[in-house]
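> compute the structure for the input listed below.
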Amino acid sequence: MTWKHPSSPVTKKFTVQQSVKKVMVTVFWDSRGMILLDILPKGESVNADQYCETLDRLRHAVRRKRPGLLRSGVVLQHDNTTPHMAERYRWDIIPHPAHSPDLSSSDFHLFGPLKRRTDV
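Predicted structure coming up:
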C-alpha cells in the first residue's frame, strides 16, 4: 500500500490484449463453390515445394469434389504467383497482372463475402 495525496492522479492499470493472428490461406474455388482451402502452417512461407504440395492437394480435392473435371480441363487464375507448377498437370493458366487496376475475381467474389461473414 502506498500513500498518495488526494489530488494526485489515479494510476491506470493496463491490460494486455492478445493481438490478432494472421493466417496465410490459399483458396481454390469455382462457380459451384470452394474446392480447397489450404492453410499454411505457422512459421512457414510459400515456396516452390510448398506450392507443389498445395497443387497436389488441389488435384486430389478436384478428383474427389468435381469428378470428371480433370479430364475436361482445369483452368487456374494466378493473381500473384508464378504458374510454372500448373504446367506439370497441364492445367491452363489465365494470367492476371500483379498490379492491375482491375479487381481479380477472388477480390470481388471471395474476400467481400468472407469479410462480411467474419465481421461480428
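
> ranges for the helices of the chain?
Using DSSP state H, the helices found in the chain span residues 48-65, 69-72, 105-106, 112-118.

> low-confidence ranges, the chain, go.
By pLDDT under 70, the weakly predicted segments of the chain are 1-2, 14, 16-20, 77-89, 93-114, 116-120.

> picking up where we left off before, same list, the helices of the chain, but as a markdown table with mean neighbour count and distance to residue 36 please.
The way it works is simple: take the backbone N, C-alpha and C, and place the C-beta from them, glycine included. Shown next, in a markdown table, are the helices of the chain (neighbours: other CB atoms under 10 Å; distance: least, CB to CB, whole Å):
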| stretch | mean neighbour count | distance to residue 36 |
| --- | --- | --- |
| helix 48-65 | 14 | 4 |
| helix 69-72 | 10 | 13 |
| helix 105-106 | 14 | 13 |
| helix 112-118 | 9 | 15 |
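
> show me the one of the ones you listed that comes nearest residue 21.
helix 112-118 (13.0 Å; CB to CB).

> okay, the helices of the chain in JSON lines with distance to residue 23 next?
Below are the helices of the chain laid out as JSON lines (distance: least, CB to CB, whole Å):
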{"stretch": "helix 48-65", "distance to residue 23": "15"}
{"stretch": "helix 69-72", "distance to residue 23": "27"}
{"stretch": "helix 105-106", "distance to residue 23": "16"}
{"stretch": "helix 112-118", "distance to residue 23": "11"}
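
> next up, the contacts around residue 61.
Going by CB atoms under 8 Å, 6 or more residues apart in numbering, residue 61 touches 28, 35-36.

> and the helices of the chain: which comes nearest residue 7?
If you check each of the helices of the chain against residue 7 by CB to CB, helix 112-118 wins as the nearest, at 47.0 Å.

> that older thread, nearest to residue 9, of the helices of the chain?
Evaluated with CB to CB, those place helix 112-118 nearest to residue 9, the distance being 39.5 Å.
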